[in-house]
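Asker: Give me a model of this one.
(one chain, ligands or ions: 1)
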Amino acid sequence: MNAGDWQGRDLGERTVGYDERDAILYALAVGARATDLDLVYEERLRVLPTFALTRAQWAPDALGALGAFDPRTAVHGAQRLRVHAPLPRSGELTMAARVAEVWDKGAAAVFEVEVDSDHFTATWVLFAPGRGGFGGDRGPSAPRRPAERPGHELRLDTSTEQAALYRLLGDRHAMHIDPAAAKETGMPRPFMHGLCTLAALTLPLAAAAGAHPADLAELEGRFAAPVFPGDRLRTDGWADGDAIRFEAAADGGPVISGGRLRFHPAGSP
Ligand SMILES: C/C=C/C(=O)SCCNC(=O)CCNC(=O)[C@H](O)C(C)(C)COP(=O)(O)OP(=O)(O)OC[C@H]1O[C@@H](n2cnc3c(N)ncnc32)[C@H](O)[C@@H]1OP(=O)(O)O
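Answerer: From the prediction side, this is the model:
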């Protein structure tokens, strides 16, 4: 089956549960501090919307397990998230998933897996080396950095243990913990989950915007290069109407490009 034949494939429905402990562990894994009481203390808990992505990881994993691409060499290329309703402090999420697009990049195929629920719609963009060349459309190109000077700059220090902690929330792909598995994807050592880096950035970006991170309404970004646990990231941000565009870079250059996020005004859904 060539990669293009997966377009439109229904990946089914799943209901996945969680409790307050999962939500708190998640907040800590993406960089919440002990003083962020409404992220880490059950008495005041607000669940970070990006936590939902850990519950939906079954969907891109299902596509790999069905044989659309090789999960040992495919990497997470980009992510989009639209939040429809706040996540309860504990409960269940029922989700439906399908393959929305398959792009042909020649040497690689890019699969877009869309997951839909009452609380959110999320799209995983998966970059699968060796699966292109099936005669499909190339799809979107690399996002451009805004030409203007950034309105603000902020720092994010990832921790050396961050991927080891984040994987306990559900994404246990070996490339994030096992040096041999990382080498199979062409990386020199285990690297961060893209969703951990992206979610971690929403915390300082929310602070810079005077917003609460649990009020996230939209988020997207492309994983332009790997981030390694312990990397120090510099993030440039640009105001864009009620949204913020951002780009994060490590020493070697951009690691998240085409970043964009928006927060709900405080107190609205
Ligand atoms: C299961 C895994 C879970 C994870 O969390 S993995 C961790 C998070 N992900 C990463 O760390 C990946 C970091 N990104 C990269 O290392 C690189 O990025 C890639 C290896 C994915 C691609 O790099 P290259 O092979 O050099 O691609 P090119 O030659 O620059 O571009 C070829 C075409 O592919 C598109 N493309 C490049 N990168 C991405 C991406 N990240 N997501 C989606 N598409 C991508 C381009 O635009 C272009 O296509 P056009 O010529 O039509 O413009």
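
Asker: Check the chain and tell me which residue is nearest its centre.
Answerer: The residue lying closest to the centre of the chain (CA atoms, centre = their mean) is Leu195, at 2.9 Å.

Asker: Tell me where the protein has strands.
Answerer: Secondary structure of the chain by DSSP state E: the strands cover 10-18, 75-83, 91-104, 108-116, 120-129, 152-157, 216-223, 232-240, 243-250, 253-263.

Asker: thinking again about what came up before, so what's the residue nearest to the centre of the chain closest to, chain neighbours aside?
Answerer: Closest residue to Leu195 apart from its sequence neighbours, by CB to CB, 6 or more residues apart in numbering: Leu53 at 5.3 Å. Yep, even glycine has a C-beta here, placed from its N, CA and C like the rest.

Asker: Also Phe51?
Answerer: Counting by CB to CB, 6+ apart, the residue nearest Phe51 is Tyr26, at 4.7 Å.

Asker: Give me the pLDDT value at the one you found.
Answerer: Note for Tyr26: predicted pLDDT of 98.

Asker: before we move on, the earlier item: figure out which of the strands of the chain is closest to the ligand.
Answerer: strand 75-83 (2.5 Å; CB to the nearest ligand atom).

Asker: so the closest one versus strand 120-129, what angle?
Answerer: 170 degrees (axes from the mean of the first three to the mean of the last three CA atoms, to 10 degrees).

Asker: so the residue nearest to Leu195 makes contact with Ala122?
Answerer: Yes. Assessed by CB atoms under 8 Å, Leu53 is found in contact with Ala122 at 5.9 Å.

Asker: Overlap in contacts, these two.
Answerer: Residues touching both Leu53 and Ala122 (CB atoms under 8 Å, 6 or more residues apart in numbering): Gln79, Leu81.

Asker: First-to-last residue distance for stretch 39-49?
Answerer: 11 Å (CA to CA, to the nearest Å).

Asker: ok, and what's touching the lengthiest helix in the chain?
Answerer: For the chain, the helix with the greatest residue count under DSSP state H is helix 194-209. Contact with helix 194-209 is made by 29-32, 48, 50, 53-54, 75-76, 79, 152, 154-156, 158, 162-163, 166, 171, 212-213, 215-216, 219, 221, 223, 227, 233, 235, 237, 244, 246, 248, 255-256, 259, 261, 263, as judged by CB under 8 Å, 6+ apart.

Asker: And stretch 8-19, by the same measure?
Answerer: For stretch 8-19, contacts defined as CB under 8 Å, 6+ apart pick out 51, 55-56, 58-59, 62-63, 66, 68, 90-99, 113.

Asker: on that earlier part again, how far away is the residue nearest to the centre of the chain from Gln79?
Answerer: 6 Å (CB to CB, to the nearest Å).

Asker: which residues do the two both contact?
Answerer: Leu53.

Asker: Let me see the contact set for the residue nearest to Gly77 when sequence neighbours are not counted.
Answerer: What sits nearest to Gly77 in space, not counting adjacent residues and going by CB to CB, 6+ apart, is Phe127, at 3.7 Å. Phe127 makes contact with Ala74, Val75, His76, Gly77, Lys105, Ala108, Val110, according to CB under 8 Å, 6+ apart.

Asker: Next: Glu20.
Answerer: Glu42, Leu45, Arg89, Ser90.

Asker: Check the gap between it and the ligand for me.
Answerer: 25 Å (CB to the nearest ligand atom, to the nearest Å).

Asker: before we move on, the earlier item: compute the inter-axis angle for the longest helix of the chain and strand 232-240.
Answerer: Using the same axes, to 10 degrees, one finds that helix 194-209 and strand 232-240 are set 60 degrees apart in direction.

Asker: quick revisit: would you mind stating the distance between the residue nearest to Leu195 and the ligand?
Answerer: 11 Å.

Asker: near the ligand, which residues of the stretch 51-200 of the chain show up?
Answerer: Residues of the stretch 51-200 of the chain found near the ligand (CB under 6 Å from any ligand atom) are 75-78, 105, 110, 125, 127, 138, 141-142, 173, 191, 193-194.

Asker: if we go to 5 Å?
Answerer: For the stretch 51-200 of the chain, the contact set with the ligand under CB under 5 Å from any ligand atom comprises Val75, His76, Gly77, Ala78, Lys105, Phe127, Arg138, Ser141, Ala142, His173, His193, Gly194.
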